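[1] Just need the structure, nothing else, for what follows:
(2 chains)
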Amino acid sequence: MTAKLWRTPLDAADIEVTRGVVHIVEERCKGCGYCIAFCPREVLELGAHYNAKGYHPPIAKRMEACVNCHYCEIICPDFAIFSVAAQS
Amino acid sequence: MKAQPADHPLNGLLRTERIPHIWCPGCGIGTAFSACLTALLNSGMDLTKTAMVSGIGCSGRAAGYVKLDSYHTTHGRAIPFATGMKLAKPELNLVVFSGDGDLFAIGGNHFIHGARRNVDLTVVCVNNFNYGMTGGQAAATTPTYAKTTTTPLGNPDTPFNLPLLAYAAGATFVARWTILHNRDLTRCLEEALAHRGFSFVEVLAPCPTGYGRRNREKPLDALHLYQEHAVIRNGASPIEVELDPKRAITLGTFVQIQRATCIDMYDKVCRPAVAL
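    Coordinates of the predicted model:
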């Protein structure tokens, strides 16, 4: 998804947007939903499946939108999600 | 192509066999703890000479999850134990990670005297406005009118203003952040770790099970309150740093001053030959 801009920045062609891949450690997740609510690119959504503890871990529905900002990683109270730079 | 990462970046500092931890879904302690670990990693300190000390309570469990030398002390006594460790081995970096009930109710006196002496510690206080582990009773930090198990009609008392208390007692680094302001919190913790003297960082965190349930505040609601009402005022006088979760939450690094530490003064007064 491209961001909504009221004009295209002059250096838009030169800017390289970082890309990330989200990894979810499902067995640690407690389904609090912080990562889903505060992801700036709305990458995640609550999964329908259960983990061993009976919580619904998130799933990455739009992995291609991830910009590797790590916010899910730092807001997660359970050390259950992290992102790494995507390999092109 | 999908990258194959090894592990969560903080796994190296965690006793992973104990994870998942005991903290409830939506509890903010885990986030505060994670920010503290990130700050420890970024600080460049010698982690073999770093110890984490905590008292009793939900936040006190942190000492059991960190893969450093750590000490889970008796209730309220984290600061005296840490002070003793610092006096015995001044080269240690000491982080006291505990909750508001532990540090300011049963351990209130230890806190003010630690701050008065300016012992070189970093005190991280996770403030969740109640005694979470024992069932959500009113604590010294419960906001007025808030409902808890022991104040079902609302809390009639005024809570402590922790930054003001710390400053008045003599702390030389005083800050307050929430778990939502995570990057600021992590940077602030790095500064607090580097600061020489008694550093105090208050971290506001939701307690969905104890506090939130009785005040109709789901964990996400608490974070949205932080988002809406946060006012960042670095350098503000601790007298003016309001904390009313429904109106204004003043955040920032309020005090950062230098003063002779406990060990400096001890050497100067009691061991003049050594200190020159």
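
[2] centroid residue for chain A?
    Centroid check for chain A by Cα atoms, centre = their mean gives A:V43 as the closest residue, at 4.7 Å.

[3] Write out the residues of the stretch 51-200 of chain B neighbouring chain A.
    Within the stretch 51-200 of chain B, the positions near chain A by Cβ under 8 Å from any Cβ of the partner chain are B:179-180, B:182-183, B:186. For every residue, glycine as well, the C-beta is placed using N, CA and C.

[4] contacts for stretch A:45-53?
    The contact list for stretch A:45-53 (Cβ atoms under 8 Å, 6 or more residues apart in numbering or on different chains) reads A:26-27, A:29-31, A:33, A:36, A:56-59, A:61, B:20.

[5] Of these - the most surrounded one?
    A:P58 (25 neighbours; other Cβ atoms under 10 Å in any protein chain shown).

[6] got the end-to-end distance for stretch B:190-206?
    23 Å (Cα to Cα, to the nearest Å).

[7] Report the buried residues of that stretch.
    Using 16 or more other Cβ atoms under 10 Å in any protein chain shown as the test for burial, stretch B:190-206 gives B:190-193, B:195, B:197-206.

[8] Closest approach to chain A from chain B, which residue is it?
    Nearest residue of chain B to chain A: B:G30, at 2.8 Å (Cβ to the nearest Cβ).

[9] In contact with that residue, which residues?
    Counting by Cβ under 8 Å, 6+ apart, B:G30 makes contact with A:76-79, B:21, B:23.

[10] Let's see that with 6 Å instead.
    Applying Cβ atoms under 6 Å, 6 or more residues apart in numbering or on different chains to B:G30 gives the contacts A:77-78, B:23.

[11] Identify the farthest-apart pair in the contacts of stretch A:45-53.
    Using Cβ to Cβ, the pair of the contacts of stretch A:45-53 lying farthest apart is A:K61 and B:P20, separated by 23.9 Å.

[12] Can you list which of the contacts of stretch A:45-53 are found in strands?
    Among those, DSSP state E puts A:58-59 in strands.

[13] Point out where chain A drops to low pLDDT.
    Chain A contains residues with pLDDT under 70 at A:1-3, A:88.

[14] Can you pull up the residues of it that come close to chain B?
    For chain A, the contact set with chain B under Cβ under 6 Å from any Cβ of the partner chain comprises A:21, A:23, A:28, A:30-32, A:37, A:74-75, A:77-79, A:82, A:84, A:87.

[15] if we go to 8 Å?
    Residues of chain A lying near chain B (Cβ under 8 Å from any Cβ): A:21, A:23, A:25, A:27-28, A:30-34, A:37-38, A:53, A:55, A:71, A:73-80, A:82, A:84-87.

[16] Any idea how far apart the tips of stretch A:30-45 sit?
    14 Å.

[17] rewinding a little: please identify the helix or strand for the residue of chain B closest to chain A.
    Here B:G30, judged by DSSP states H and E, is contained in helix B:29-43.

[18] give me phi/psi at the residue in chain A that chain B sits nearest to?
    Of all residues in chain A, A:P77 sits closest to chain B, at 2.8 Å by Cβ to the nearest Cβ. Backbone torsions of A:P77, given as degrees, to the nearest 10, read phi -80, psi -10.

[19] could you pull out the strands for the stretch 151-276 of chain B?
    Taking DSSP state E, counting those that start in this stretch, the strands of the stretch 151-276 of chain B run over residues B:173-178, B:199-204, B:230-232, B:243-244, B:248-256.

[20] Give me the contact list for the helix or strand hosting B:P80.
    Using DSSP H and E, B:P80 sits in helix B:78-88. Residues from elsewhere that reach helix B:78-88 (Cβ under 8 Å, 6+ apart): B:51, B:53-55, B:60, B:71, B:73, B:92, B:94, B:96, B:98, B:102-103, B:107, B:110-111, B:114, B:117, B:119-121, B:123, B:262-263, B:266.
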